[in-house]
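Q: Got a sequence here, can you build the structure:
(chains A, B and C)
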Amino acid sequence: MSSFDESEAPAAGSLSARAMAARPTAPYLDDLNPAQREAVEALDGPVLMLAGAGTGKTKALTTRIVHLLNTGKARPHEILAVTFTNKAAREMKSRVGRTLGEAVEGMPWMGTFHSICVKILRRHQELVGLRSNFTILDTDDQIRLLKQLVRAAGIDDKRWPARALAGVIDQWKNRAWTPDNVPVSEASAYDGKGVALYRQYQTRLCELNAVDFGDLLLHVVTIFQTHPDVLEQYRHRFRYILVDEYQDTNVAQYLWLRLLAGGHSNICCVGDDDQSIYGWRGAEVGNILRFEKDFPGAKVVRLEQNYRSTPHILGAAGGVIAANKGRLGKELWTETEAGEKVRLIGHWDGEEEARWIGDEIEAMQRGTRGLRPFSLDDMAILVRASHQMRAFEDRFLTIGLPYRVIGGPRFYERMEIRDAMAYFRLVISPSDDLAFERVVNTPKRGLGEKAVQTIQRIARENGVPLLDGAAMAVEQGAIKGKGAQALGKLVMDLSRWGRMAGAGEPSPRDIAEIILDESGYTEMWLKPKEDPDDPDESRQPKDHEAEGRLENLKELVKALEQFENLAGFLEHVSLIMENESEEQAEKVSIMTLHAAKGLEFPVVFLPGWEEGLFPSQRTLDAPPENGVEEERRLAYVGITRAEEVCTISFAGNRRVFGQWQSQRPSRFIDELPEAHVEVLTPPGLYGGGYGAAASMHEESGLEARAAEANVYNSPGWRRLREARMSSRPGGQTRGAAVIDAQAVSKHVVGERVFHQKFGYGAIIAIEGDKLEIAFEKAGVKKVVARFVTGTDDVPF
DNA sequence: CAACTAGATCTTTTT
DNA sequence: GATCTAGTTG
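A: Sure thing, here's the model as predicted:
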């Protein structure tokens, strides 16, 4: 509680003195437009800032903070500013500092919901039955723990996966339901055993002195609800509250905010109902729609002047989002010139789409599209689902186009990092059973399932953590042979490393290195020694993959340099699951639409606009129409990321689960207003004059399908078809290099062929439309005939 | 006990 | 196609 003291004296006198001393006009206010200024200057009472995409939301928010400080209304530690991502928090901090002209070190309560909750929870942990230094479990640990409970309950975890239970529990926690509060309507969840398992899970977490992500909020809300005195402290402390991305708050976050703002109602929420895209993880658009009811007398300010995109891009986005019901309603406008229309293009399949986008990116880089040249950093590909990324990565690797994947498999989620972290955890807290289970046989120590079961039994019988159980098992001789020896060593090592960490000597970085080395973990990724007697033999990584893992471990150890101790590092990592390494080279960005929220790029590509992919099959299968609205908001988010050029595309065929499927263009394409769209005809994509074939086939396929679904009579679709026809006078096509059975018959066994990805090879067998080919470099593969060309320049 | 093989299951989106 | 699991073999 010591750090609490600084604010215990309200110092009203000095505040008003500062308020009077403040300059009547502040230069930073002059940079704002009227709406922004209104939102900034309404400092007291509830304010809802409805900020459309690109309307200067962050600017308004940061200026508001500056204004609060500058007018003396609040001191830095009296402002609670909440965001969803660490990135947003960092951005806000740096912008406040910039506007203020000095660094803001003194804003301890600016951060994510989760990091702020941890801070609060660490001070009152005992109120919810936790001890100090509780650990924060990530999703992986959470699932593993649940799996144990599910199995212990005699449930077939095949039919009822632990993952599903985790989802159910998460949703409950998002709604701030403790096991006692789960409504009866949920009784059937997880085969009727959901609530009971939820209760067991919470008990188990408590025993482990651990919390999961959802608990961070839930526990704090519980504390606020059951301990008015504690709540009062924080209400008093946080004189002004600011919330970013309010449309993404879930019920627990909403309650948390309402409890805190309950006294003074000095709360300013910024959000955009049209950008609510996290309903699946419990976000309630209702929170923002209801704001005026929740906070009577609220001032609502709309930011509608857009500073990011051209009118055509805004028009297209506006046309799509207009199809949604239940909006608060905003109309974005801009003063910039019309610019390019949103470009729409169809492709034969996903690979062709990737190829075309790759070519287009290179063209735009050179400035050969009649536009200014763009840097690769200015361009982004935004996909609906991460598996769409592969096609682009494959293609970009083959043509040598530098790219970066944002929000991909994250550093701290990698296996080797998690293994290493488990060692560290076990060193810091020897009762961390989950960490013990993770590393006990990694690297292989000859301790399999049976040995672990023995340890678990002994630990349970004696009521001690697994690590102590292991020590006892060795003493008692319950585990024999090689395994016993290795286990004994592990137990000894861990306590030795623990003493080092306790002594703070050597440095955390060195301790980490020692742990990884002496545990044999690093060794695991190295080639076996050729000569065991030669200690100086230089060791190479096993393979390319192992090399990457070793690199990552090095990076992990390096990251430790900035921390006082291992414990501090572990806390940092559990909250910041992102890779912070910064790259300098120019690269195209590839990311999901979700990851793109809040970002902007001069050039944006939006591939895969197909029914079943976007909107996703899941939302289409789900009962009501409501899921589609969220998908539509996602489309809106995507389009509004673009500043100058936005290209939407779809493919007629795509591989789903390894199976080829024909795709229909997304309903969102039909919703694009004609006036803002330009249809591009597919240029020759295969080079050498045999390209038009793909589009011809796509079209005939389309017409066949059009008979069964009149989707294709919609304006958007007709437009596309007409554009196609007109681009090919007389409907003539040139040399068709094609597809399906006809093309296969063109190939013969023994023929030398070329494949985009695998290179050159010879056909060794033909089955239907598939060719078995022995590639010179890639080995024997089965590929679809259409992806292969003969090695003659004019194959047919 | 580990290493290998066959078969199932899967894909949203993430603090 | 890729990954995870159960089941088999060494």
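Q: what's the pLDDT at A:E582?
A: On pLDDT, A:E582 comes in at 57.
Q: Any part of the longest strand along chain A near DNA strand B?
A: Ranked by residue count and defined by DSSP state E, the top strand of chain A is strand A:642-656. No - figure legend: strand A:642-656 not in contact with DNA strand B (C-beta under 7 Å from any atom of the strand); closest approach 7.6 Å. Just so you know, the C-beta spots here come from the backbone N, C-alpha and C atoms, and that holds for glycine as well.
Q: can you tell me the average pLDDT over that strand?
A: The average pLDDT within strand A:642-656 is 93.
Q: Around DNA strand B, which positions in the stretch 501-650 of chain A sit nearby?
A: A:577-578, A:592, A:594-595, A:616-619, A:627.
Q: cutoff 10 Å now
A: Along the stretch 501-650 of chain A, the residues adjacent to DNA strand B under the rule C-beta under 10 Å from any atom of the strand are A:524, A:575-578, A:591-597, A:613-622, A:627, A:630-631, A:634.
Q: Report the buried members of the residues you listed.
A: With burial judged by 16 or more other C-beta atoms under 10 Å, the buried subset of these is A:524, A:575-576, A:591-597, A:613-616, A:619, A:627, A:630-631, A:634.
Q: Mind telling me which residue of chain A is nearest DNA strand C?
A: A:G658 (2.8 Å; C-beta to the nearest atom of the strand).
Q: Below-threshold pLDDT in the stretch 351-500 of chain A: ranges please.
A: Within the stretch 351-500 of chain A, the ranges that satisfy pLDDT under 70 run A:408-410.
Q: quick one, helices of it?
A: Applying DSSP state H, counting those that start in this stretch to the stretch 351-500 of chain A gives helices spanning A:389-399, A:415-428, A:433-439, A:449-462, A:466-476, A:481-503.
Q: how about the ones you listed in TSV, adding mean neighbour count and distance to DNA strand C?
A: Output for the helices of the stretch 351-500 of chain A, formatted as TSV (neighbours: other C-beta atoms under 10 Å; distance: least, C-beta to the nearest atom of the strand, whole Å):
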stretch	mean neighbour count	distance to DNA strand C
helix A:389-399	17	8
helix A:415-428	21	8
helix A:433-439	22	13
helix A:449-462	16	10
helix A:466-476	20	20
helix A:481-503	16	13
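Q: mind giving me a markdown table with those and columns for distance to A:V285?
A: Below are the helices of the stretch 351-500 of chain A laid out as a markdown table (distance: least, C-beta to C-beta, whole Å):
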| stretch | distance to A:V285 |
| --- | --- |
| helix A:389-399 | 28 |
| helix A:415-428 | 34 |
| helix A:433-439 | 36 |
| helix A:449-462 | 45 |
| helix A:466-476 | 44 |
| helix A:481-503 | 46 |
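Q: out of these, nearest to A:V128?
A: helix A:433-439 (19.7 Å; C-beta to C-beta).
Q: what about the closest one, near DNA strand B?
A: No - using C-beta under 10 Å from any atom of the strand, helix A:433-439 stays clear of DNA strand B, coming no nearer than 13.0 Å.
Q: Need the contact partners of that helix.
A: Contact with helix A:433-439 is made by A:137, A:141, A:144-145, A:208, A:210, A:418-419, A:421-423, A:425-426, A:429, A:452, A:459, A:465-467, A:470, A:519, as judged by C-beta atoms under 8 Å, 6 or more residues apart in numbering.
Q: Stretch A:606-622 now?
A: A:350, A:353-354, A:357, A:381-385, A:388, A:392, A:627-628, A:630-632, A:634-635, A:638-639, A:646-651, A:654, A:656, A:661, A:663-669.
Q: Next: stretch A:483-503.
A: So stretch A:483-503 is contacted by A:426-428, A:430, A:440, A:445-447, A:451, A:467, A:470-471, A:473-474, A:477, A:479, A:506, A:508, A:511, A:514-515, A:518-519, A:565-567 (C-beta under 8 Å, 6+ apart).
Q: Figure out which of the helices of the stretch 351-500 of chain A is closest to A:I267.
A: It's helix A:415-428; of the helices of the stretch 351-500 of chain A, that one is closest to A:I267 (C-beta to C-beta) at 37.0 Å.
Q: Report whether the closest one contacts DNA strand B.
A: No - residues of helix A:415-428 contacting DNA strand B under C-beta under 10 Å from any atom of the strand: none, with a closest distance of 13.9 Å.
Q: helices and strands around that helix, which ones?
A: Counting contacts by 3 or more C-beta pairs under 8 Å, 6 or more residues apart in numbering; DSSP states H and E, helix A:415-428 packs against helix A:433-439, helix A:481-503, helix A:508-518, helix A:521-524, helix A:544-559, helix A:566-575.
Q: just to revisit the earlier point, adjacent strands (with direction) for the longest strand of chain A?
A: strand A:342-349 (parallel), strand A:601-606 (parallel), strand A:659-662 (antiparallel) (DSSP bridges).
Q: State the mean pLDDT of stretch A:555-565.
A: Mean predicted lDDT for stretch A:555-565 stands at 84.
Q: should've said stretch A:238-257
A: Throughout stretch A:238-257, pLDDT has a mean value of 95.
Q: Can you give me the end-to-end span of that stretch?
A: End-to-end distance of stretch A:238-257 (C-alpha to C-alpha, to the nearest Å): 11 Å.
Q: Stretch A:95-106 too?
A: 14 Å.
Q: Kindly report the same for stretch A:220-234.
A: Stretch A:220-234 has an end-to-end distance of 11 Å (C-alpha to C-alpha).
Q: mind listing what's buried in that stretch?
A: Buried-residue list, stretch A:220-234, by 16+ other C-beta under 10 Å: A:220-224, A:230-231, A:233-234.
Q: Leaving out sequence neighbours, find the closest residue to A:D141.
A: A:L434 (5.0 Å; C-beta to C-beta, 6 or more residues apart in numbering).
Q: Tell me which of the buried ones among the residues of the stretch 501-650 of chain A next to DNA strand B fall in strands.
A: Short answer: those in strands (DSSP E) are A:591-592.
Q: Quick one: residues contacting the closest residue to A:E678 other than its chain neighbours.
A: Among residues not flanking A:E678 along the chain, A:K341 sits closest, at 4.0 Å (C-beta to C-beta, 6+ apart). By C-beta under 8 Å, 6+ apart, A:K341 lies in contact with A:312, A:316, A:676-678.
Q: Can you tell me how far A:K341 is from A:F605?
A: From A:K341 over to A:F605 the distance is 15 Å, taken as C-beta to C-beta, to the nearest Å.
Q: same deal with A:N287?
A: A:N287 sits 33 Å away from A:F605, going by C-beta to C-beta.
Q: For those two, work out which one has more neighbours and name it.
A: Neighbours per residue (other C-beta atoms under 10 Å) separate A:N287 from A:F605, with A:F605 holding more: 28 against 24.
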